[in-house]
Each structure stands twice: as structure tokens, then as C-alpha cells.
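Student: Coordinates for the following, if possible.
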Amino acid sequence: MKGKKVVVLGAGGHARVVVEALKGMGHREILRLDDNPGILGIAGPITLEMLRRLASTGTVWFIVGIGSVNAGGCALRDKLYLMAMI
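Tutor: I've put the predicted structure just below:
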């Protein structure tokens, strides 16, 4: 995985821990995506088309960095995982 571009889906506490672990492993090209504009200033949902465009830019790893968000957290993680398996 080292040397590849990494896209972390999510930007909350769990995603921050994932990013720190990636940095500790030597990764420098890390992009975080989240649909909450209050976290990263990025507005809008994460879409399949967005993930496809990112994947087409080169070798990219997608990591679901969403921890416990609410009762629907598991469904959201499952949805993003399936979207990232493009």
C-alpha cells in the first residue's frame, strides 16, 4: 500500500486516527472526503462517480474511515465499502 494515493472516506475522529496511522506508515498523498461541510469544508455526498473519477487518476486505495456515527452507522459504512469496491 505504501506509495499509493489513499482516499479516506470520512473525516471524524476515527478517520483522523486512520490518517495518523497512514502518515506513521509513510503515506503523504492522503485525501479525506466527508459529506459534512463543517468538518472539511467539502459540501455534498460522496458519490460513485466521484470515487470512479478519483480511481481513474492513478493507483488509489480507498479506506472507509467512518466509526460509530449513529444507529445507521453500519449501513453507511457498508454502503461506502461497496461503492469503493469499483
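Student: Sort out which residues of the helix or strand bottoming out on mean pLDDT in the chain are buried, please.
Tutor: In the chain, no helix or strand scores lower on mean pLDDT, DSSP states H and E than helix 37-40, which sits at a mean of 70. By 16 or more other C-beta atoms under 10 Å, helix 37-40 has no buried positions at all. Placement of C-beta: from N, CA and C, glycine included.
Student: downstream neighbour of that helix in the secondary structure list?
Tutor: helix 48-56 (DSSP states H and E).
Student: pLDDT of that next one, averaged?
Tutor: Averaging pLDDT along helix 48-56 gives 83.
Student: Check which helices and strands it sits against.
Tutor: strand 60-64, helix 73-84 (3 or more C-beta pairs under 8 Å, 6 or more residues apart in numbering; DSSP states H and E).
Student: Just give me how far it sits from the chain centre.
Tutor: 12 Å (C-alpha atoms, centre = their mean, to the nearest Å).
Student: and if you look at stretch 20-28?
Tutor: Centre to centre, stretch against its chain (C-alpha atoms, centre = their mean), the figure for stretch 20-28 is 14 Å.
Student: still on that earlier bit, I would like the residues contacting the least confident helix or strand of the chain, please.
Tutor: Applying C-beta atoms under 8 Å, 6 or more residues apart in numbering, the contact partners of helix 37-40 are Ala11, Gly12, Arg32, Leu33, Asp34, Ala43.
Student: Alpha carbons only: can I get it in PDB?
Tutor: Taking C-alpha atoms only, helix 37-40 is exported to PDB below (Å, rounded to 0.1, in the frame of the first residue of the first chain):
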ATOM      1  CA  PRO A  37     -19.100  20.600   5.200                       C
ATOM      2  CA  GLY A  38     -18.500  21.600   8.800                       C
ATOM      3  CA  ILE A  39     -15.700  19.100   9.000                       C
ATOM      4  CA  LEU A  40     -13.600  19.700   5.900                       C
END
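Student: mind starting the numbering at 107 from now?
Tutor: Got it, first residue is 107 now, which makes that one helix 143-146.
Student: where's Ala127 relative to Pro151, distance?
Tutor: 26 Å (C-beta to C-beta, to the nearest Å).
Student: do Lys111 as well
Tutor: 21 Å.
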